[in-house]
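Visitor: no sequence for this one, just the structure:
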């Protein structure tokens, strides 16, 4: 469905869900940022002490994969909610960030490297 759904549609679904529950008063930037980090930490916890092979197996196991995708959805929810509440165009901001990173990480210098831009 990713190829058939746009970000504004998702932001609208999140807005409606939250407004029906009168959650606007709880969803300020600080609380939403906390939600993003909390949910991202819950996702990260699922990978703790796992080898790459074990992680790949987790994605092949339906039950474990569902738990991972639920955490990913939780992160996405809070991110979309923040963008919706504060009128952030995610596509524009992502494109700007990619352009900035293209300058910081030129292919010739960083291809195959995991070093940070100030380490090369």
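Guide: Arrived safely. Treat the numbers as computed from the prediction; the structure is a model and nothing was measured.
Visitor: now the helix or strand where residue 53 lies: average pLDDT?
Guide: With elements taken from DSSP states H and E, the one containing residue 53 is helix 52-60. Helix 52-60 shows a mean pLDDT of 98.
Visitor: right, and the helix or strand after it?
Guide: Of the helices and strands lying after helix 52-60 in sequence (DSSP H and E), the nearest is helix 62-85.
Visitor: just the buried residues of that following helix, please?
Guide: By neighbour count on 16 or more other C-beta atoms under 10 Å, the buried set for helix 62-85 is 68, 71, 74-75, 77-85. Every residue, glycine included, has its C-beta placed from N, CA and C.
Visitor: next, the angle helix 52-60 makes with that helix.
Guide: 80 degrees (axes from the mean of the first three to the mean of the last three C-alpha atoms, to 10 degrees).
Visitor: next secondary structure after helix 62-85?
Guide: Following helix 62-85 toward the C-terminus (DSSP H and E): helix 90-104.
Visitor: dihedrals phi and psi, residue 116?
Guide: Backbone torsions of residue 116, given as degrees, to the nearest 10, read phi -80, psi 150.
Visitor: do you know how far it is from residue 100?
Guide: 14 Å (C-beta to C-beta, to the nearest Å).
Visitor: got the contact list for residue 29?
Guide: If a contact means C-beta atoms under 8 Å, 6 or more residues apart in numbering, then residue 29 has 82, 85-86 as its contacts.
Visitor: by average pLDDT, which secondary structure element in the protein comes out worst?
Guide: Taking mean pLDDT, DSSP states H and E as the measure, helix 107-110 is the helix or strand of the chain with the lowest mean score, a mean of 92.
Visitor: got a list of contacts for it?
Guide: Under the criterion C-beta under 8 Å, 6+ apart, residues 117, 120 lie in contact with helix 107-110.
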